[in-house]
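Asks: please work out how this folds:
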Amino acid sequence: MNDMTKGSPARAIVHFAIPVLIGNLFNLAYNLTDTRIVGAMLGNDALAAVGCVSTLCELFTGFLVGLGNGFAVLTARFFGMGQEDRVRRSFSSSLTLGTLTAALLTALSLLFMGPILRILHVSAAQYADAGAYLRTILLGLVFCILYNVQASNLRAIGDSFTPLLFLIFSACANVGLDLLFVGPLQTGVRGAALATILSQALAAVLCFVYTRRKYEVLRFTVRDLLPEKSLSTQLFSGGISMGLMNSLVSFGTVSLQSAINSFDTNTIVAHAATRKLSNLYMMPFSVLGTTMATYCGQNYGAGRMDRVRTGLRRVLLIAYLWAGIDCLMSYTIAPRLIVAITATQIPQVVETAVLYQKVDTLFYLLCPTITITRNSLQGLGDHVTPVISSALELVCKVLVAFLLTPVLAYWGIIWAEPIAWSIMVIPLIISIVRRIKNPAP
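Replies: Down below sits the predicted model:
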């Protein structure tokens with residue numbers, strides 16, 4: 001366990017963030033490998049089918065990951081207060097509430113599968129593969145939440161290394177199962193999705209066994225799985241807020257995807273590839289945001305707002321330096337990265353994907369400001385402003401999808417995020433300044 005309320009703030013943050021970063025790199029490596037396997041073994045049409053629904057899958061998983069992270073903020077706060085019994089109850093209740101939420105989300109999504117695919121404007125040529133891939137991912141959402149609740153609660157008590165080990169295992173298992181299902185077993189895009197959920201299930205089981213043996217503070221009984229009403233309210237307050245924060249962002253991206261799916265196959269593939277590259281570019285921002293949610297949660301619980309201020313300054317400086325590197329890569333090696341991701345040699349795909357990166361990375365100073373401040377606010381108990389900010393992003397992307405894209409075509413998609421970032425960052429900056437100067441009781 002790592003108590004982030006003591007010692008050098010910068011050292012505590014970096015020590016926590018490095019395993020999270022490595023884990024995310026492995027996860028991204030799997031996603032990129034998955035894209036290449038599908039593209040190389042099944043062809044451009046199959047890759048386009050997965051691309052048609054990939055943002056929707058990110059919406060579902062993003063909501064559940066946010067839900068788990070939000071639950072864990074309360075665990076981190078109890079840990080900072082030294083209340084071990086509340087830490088245990090928070091963890092066990094998170095597993096119960098997370099599982100029920102995932103099951104409900106799966107049932108509703110499967111019930112409305114047809115309308116969902118029609119809203120996304122999935123073409124007839126890609127409808128069958130897109131539906132098979134999405135349906136399989138939905139059936140595995142419960143494994144997604146079980147793993148992420150455990151991983152986020154381990155991070156809440158300062159252990160960011162153990163989730164890294166299980167994430168590496170999951171990523172490696174994913175690649176191996178991908179090659180097996182898509183290759184010799186010839187299960188098509190459904191096999192790629194099945195590989196994902198099986199690897200998550202294995203990681204969830206192993207994480208559960210390890211946690212019970214290693215950490216007494218997280219060792220619960222069957223009775224603990226029945227959440228208290230007051231604790232459930234607190235957990236859902238943070239969990240739903242972070243879940244909505246993530247899913248509103250993803251829902252805006254889904255809105256854009258519905259417009260993108262009306263373009264030709266090469267443009268769909270190009271956008272799927274450039275989004276993968278964006279995930280690579282933005283990964284350190286996400287890692288630092290996740291770190292600051294735990295760091296702020298622990299220090300807020302311990303009443304150390306001085307450490308919150310210092311940590312926030314250090315983290316933003318690191319993130320801004322990385323934003324500059326992102327922009328440099330977009331203007332130098334981006335074409336090679338796109339080819340590596342897609343296994344394509346089609347000039348239109350590469351040129352379209354690189355154009356997106358050259359424009360958007362010019363606005364990347366806004367990204368870490370948004371990601372870090374909204375996660376910090378969650379750790380400091382502000383569950384409203386991050387959702388408001390994410391809702392502004394959703395509105396901007398929906399308006400772009402319906403107003404700009406018909407006029408500007410793919411250029412409308414390119415400008416969607418810079419416009420959204422410029423607007424949504426405003427309430428976050430105002431709130432973080434107020435919260436640091438006058439922390440809520």
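Asks: pull out the buried residues from the helix or strand hosting Leu74.
Replies: According to DSSP states H and E, Leu74 maps onto helix 44-81. Neighbour-count burial for helix 44-81 flags 44, 46-81 (criterion: 16 or more other C-beta atoms under 10 Å). Bear in mind the C-beta positions are built from the backbone N, C-alpha and C, glycine included.
Asks: just stretch 233-248 next, same as before
Replies: 234-236, 238-248.
Asks: distance check, the residue nearest to Gly183 when sequence neighbours are not counted against Arg309.
Replies: If the residues on either side of it in the chain are set aside, Gly183 comes closest to Met41, at 6.3 Å by C-beta to C-beta, 6 or more residues apart in numbering. According to C-beta to C-beta, to the nearest Å, Met41 stands 51 Å off from Arg309.
Asks: who has more neighbours, the two?
Replies: Met41 (18 against 14; other C-beta atoms under 10 Å).
Asks: for the more buried one, give me the pLDDT.
Replies: pLDDT recorded at Met41 is 70.
Asks: separation between it and Ala125?
Replies: 18 Å.
Asks: try Gln298
Replies: 51 Å.
Asks: the two: which is more packed in?
Replies: Gln298 (30 against 12).
Asks: which residues touch Glu417?
Replies: Glu417 makes contact with 360, 363, 397 under the criterion C-beta atoms under 8 Å, 6 or more residues apart in numbering.
Asks: which residues touch Ala173?
Replies: Applying C-beta under 8 Å, 6+ apart, the residues near Ala173 are 195, 198-199, 202-203.
Asks: again, but for Asn153
Replies: 68, 71-72, 75, 90-91, 94, 218.
Asks: with Leu179 instead?
Replies: Contacts of Leu179 (C-beta under 8 Å, 6+ apart): Ile37.
Asks: which parts of the helix or strand where it lies are buried?
Replies: Using DSSP H and E, Leu179 falls within helix 161-182. Residues 161-171, 173-175, 177-179, 181-182 are the ones in helix 161-182 that count as buried (16+ other C-beta under 10 Å).
Asks: angle of whichever helix or strand comes after it against helix 161-182?
Replies: Once the chain leaves helix 161-182, the next helix or strand it forms, by DSSP H and E, is helix 188-214. Here helix 188-214 points in a direction 150 degrees away from that of helix 161-182 (axes from the mean of the first three to the mean of the last three C-alpha atoms, to 10 degrees).
Asks: packing partners for the one helix or strand Asn246 maps to?
Replies: Element membership of Asn246 [criterion: DSSP H and E] is helix 229-260. Secondary-structure packing of helix 229-260 (3 or more C-beta pairs under 8 Å, 6 or more residues apart in numbering; DSSP states H and E): helix 44-81, helix 84-111, helix 265-301, helix 366-379, helix 385-399, helix 410-437.
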